[in-house]
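1. output the structure for:
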Amino acid sequence: MSGPTFTDWTPGYGPGGGQWRGWDSERKDALRRRLEDEIERRRTMWACNKRGCDGSPHGEFISRHARWNQLPPADLPRMVRDPKQPVPVEVNLPWLEWLIMAGRGWGKTRTGAEFVKWRIFNGGRGHRVALIGRTAADVRDTMIEGESGLLSVFKLSERPEYQPSKRRVVFHNGAMAYCYSSDEPDQLRGPQHHSGWVDELATFGNLDKVISNYRLGMRLGRSPRVAVTTTPRPRKEIREMRHSPTTVVTGGTTYENLANLAPVFHDQVVRKYEGTRLGRQELQGEYLEDVEGALWTLDLIDQHRADLDRVKPFIRRMEIVVAIDPAVSYGGDETGIVIVGKLEDEGFVLADKSGHFSPHDWARTAIMAATSWGAGYIVAEKNQGGEMVQATLQSAGLPRGVRYRPVTASKGKRLRAEPISTLYERGLIHHVGVFASLEDQMTTWTPDDKVSPDRLDALVWACSHLFYRSRGMADVA
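-> Residues are numbered from 1 along each chain as shown. As a prediction, the model looks like this:
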């Protein structure tokens, strides 16, 4: 009997160790290459034939791989809803765009990269692909070089060559992928392609121009195809794409891919947004239409959202206020506590400390916020409790250097909120981070609602104090 046996065992080398030690370097290198190639093959395995597969390991797929809804859809008859028609209609057209609207962490980037790989292998030499991202940096850092990007889905021996100076990726079979960004939509004028991958379309500037330009360029081959991966946002162009007869829509939630995500993502992100309107969009992947009558939209807030690391160096120079909208009764409504800063002509929503508190607890929370953020004022509506608010703050230890300013609600909530909404529309107020519960109230509250928007009220008082105090509008608003 030939080959390594257990009798060849040598301490430290395992079964067959004796023979391995006797191999020449060429033979060892050959085996090492075979092992590395097998590891790479298994790492990049993606599509299986199991019907309705959830991506769990099975058979030769020893690691997690594509779920059934991460594979390109077939050209089958499908129902399309035209908003102008009372009932959906059946269409039997080849699809042009595969619109993947799913929650954060669903696997959109990996799916888009695998789509390009599939098209490249089927297209062969001369196949041209458009890679379109929000910015050139997003195309490079996420779509190409990212952990789930285009380079990662190929075995090392087959990995394409990324040529950043030429804005292209060259594949081993002669296919090419070209890089474009929404910042320069006119780059898409003229070039023509067989395939495309558009990532995070809902965040694009120049959205209408980008879509029309890349569609006009999809004119090579018998069946041009585009994968559009995005978190859903209520943009007019995306609404139109959803209802197009040449679009196939795939949805999905963050929860489908939790097994591939770090545990801290679930603890820090998923739990924070669960049960909120923002969570329905970002986690559940729901396409949420704007609420008619609301003064804010998530898109408006997102356009001017700021990062804490970039804002932090300027916080000391800000005029900061803590605003309180006290609950009428303990255990009922929340007490709104929002911290806002102003630097020159711009406002920054820094924190939302709202919650269900006893009077003493909301006073302590507001004072701690004022101390930690360096606020000069605490403002609160005095209609709900009169002098009680000031007395509660003083009993909780209102520090010297922090002044209390009562404000009186003499107008309806909408009239008070409209000037602040206008500041958002002018791009003058930025949310430093994400405040899911506050943003829920901002984007869903209408004058017909009977529930008091405590967090929104506190935000309005804070912004009124910072932006309109000099005009005599903050004390009575």
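
2. tell me how far Tyr162 lies from Ser182.
-> Between Tyr162 and Ser182 the distance is 20 Å, computed by C-beta to C-beta, to the nearest Å. (Each C-beta comes from the backbone N, C-alpha and C, glycine too.)

3. the two: who's more crowded?
-> Using other C-beta atoms under 10 Å as the criterion, Tyr162 and Ser182 rank with Ser182 on top: 24 against 18.

4. next one: that one from Asn206, what distance?
-> Going from Ser182 to Asn206 by C-beta to C-beta gives 5 Å.

5. now do Arg81
-> Plainly put, Arg81 is 27 Å away from Asn206 if you go by C-beta to C-beta.

6. same check, this time on Tyr404
-> For Tyr404, the distance to Asn206 (C-beta to C-beta) stands at 47 Å.

7. ditto for Ser63
-> Going from Ser63 to Asn206 by C-beta to C-beta gives 40 Å.

8. looking at these two, which is more packed in?
-> Neighbours per residue (other C-beta under 10 Å) separate Ser63 from Asn206, with Asn206 holding more: 14 against 11.

9. quick check: closest non-adjacent residue to that one.
-> Leaving aside its sequence neighbours, Asn206 sits nearest to Pro185 (C-beta to C-beta, 6 or more residues apart in numbering; 4.5 Å).

10. may I have the phi/psi pair for the one you found?
-> In terms of degrees, to the nearest 10, the main-chain angles of Pro185 are phi -60, psi -20.

11. and the closest residue to Val89 other than its chain neighbours, how many neighbours?
-> Spatial nearest neighbour of Val89, excluding adjacent residues (C-beta to C-beta, 6+ apart): Val80 at 6.0 Å. Neighbours of Val80 under the rule other C-beta under 10 Å: 18.

12. same deal with Trp23?
-> 12.

13. swap in Ala458?
-> If you count neighbours by other C-beta under 10 Å, Ala458 ends up with 31.

14. by contact count, what packs against whichever strand or helix holds it?
-> Applying DSSP states H and E as the criterion places Ala458 in helix 454-468. Judged by 3 or more C-beta pairs under 8 Å, 6 or more residues apart in numbering; DSSP states H and E, the packing partners of helix 454-468 are strand 319-325, strand 336-343, strand 346-352, strand 377-381, strand 403-407, helix 413-425, helix 436-444.

15. just those: most buried one?
-> Comparing those by mean neighbour count (mean count of other C-beta atoms under 10 Å), strand 319-325 ranks first with a mean of 27.

16. only C-alpha atoms, please: export that one in CSV.
-> Output of strand 319-325 as CSV, limited to C-alpha atoms (Å, rounded to 0.1, in the frame of the first residue of the first chain):
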residue,chain,number,x,y,z
GLU,A,319,-23.5,78.6,21.9
ILE,A,320,-25.3,75.6,23.4
VAL,A,321,-28.8,75.3,24.9
VAL,A,322,-30.7,72.5,26.6
ALA,A,323,-34.4,72.6,25.9
ILE,A,324,-37.1,70.9,28.0
ASP,A,325,-40.7,70.0,27.0
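
17. let's have the chain start at 422 instead
-> Understood, numbering begins at 422; the last thing we discussed is strand 740-746.

18. shaky segments in the stretch 472-621 of the chain?
-> Scanning the stretch 472-621 of the chain for pLDDT under 70 picks out 504-507.

19. do you have the strands of it handy? List them.
-> 499-501, 510-512, 518-523, 549-554, 582-584, 589-591, 597-602, 616-620 (DSSP state E, counting those that start in this stretch).

20. adjacent strands (with direction) for the last one?
-> Going back to what we said before, that points to strand 616-620. Sheet pairing of strand 616-620 (DSSP bridges) gives strand 549-554 (parallel), strand 646-651 (parallel).

21. who touches the next helix or strand after the last one?
-> Per DSSP H and E, strand 646-651 leads on to helix 657-663 as the next helix or strand towards the C-terminus. Contacts of helix 657-663 with the rest of the structure, by C-beta atoms under 8 Å, 6 or more residues apart in numbering, involve 518, 520, 522, 622-623, 628-629, 632, 649, 651, 653, 668, 670, 708.

22. just the buried ones from those residues?
-> With neighbours counted by 16 or more other C-beta atoms under 10 Å, the contacts of helix 657-663 contain buried members at 518, 520, 522, 622-623, 628, 632, 649, 651, 653, 668, 670, 708.

23. from those residues, which is closest to Lys733?
-> Lys733 has its nearest neighbour among the buried ones among the contacts of helix 657-663 in Ala623, at 27.9 Å by C-beta to C-beta.

24. who's in contact with Ala648?
-> Residues counted as contacts of Ala648 (C-beta under 8 Å, 6+ apart) are 493, 518-519, 521, 532-533, 536-537, 617-619.

25. try Ile722
-> Ile722 is in contact with 845, 852, 860, 863-864, counting by C-beta under 8 Å, 6+ apart.

26. where does it land in three-state SS?
-> What DSSP: H, G, I helix; E, B strand; the rest coil gives for Ile722 is helix.

27. how close does it get to Val855?
-> In terms of C-beta to C-beta, Ile722 sits 9 Å off from Val855.

28. all helices of the stretch 572-721 of the chain, in order?
-> Remark: helices assigned in the stretch 572-721 of the chain by DSSP state H, counting those that start in this stretch are 628-638, 657-663, 684-686, 692-694, 698-703, 719-724.

29. and the angle for the first one with strand 549-554?
-> This points to helix 628-638. Here helix 628-638 points in a direction 170 degrees away from that of strand 549-554 (axes from the mean of the first three to the mean of the last three C-alpha atoms, to 10 degrees).
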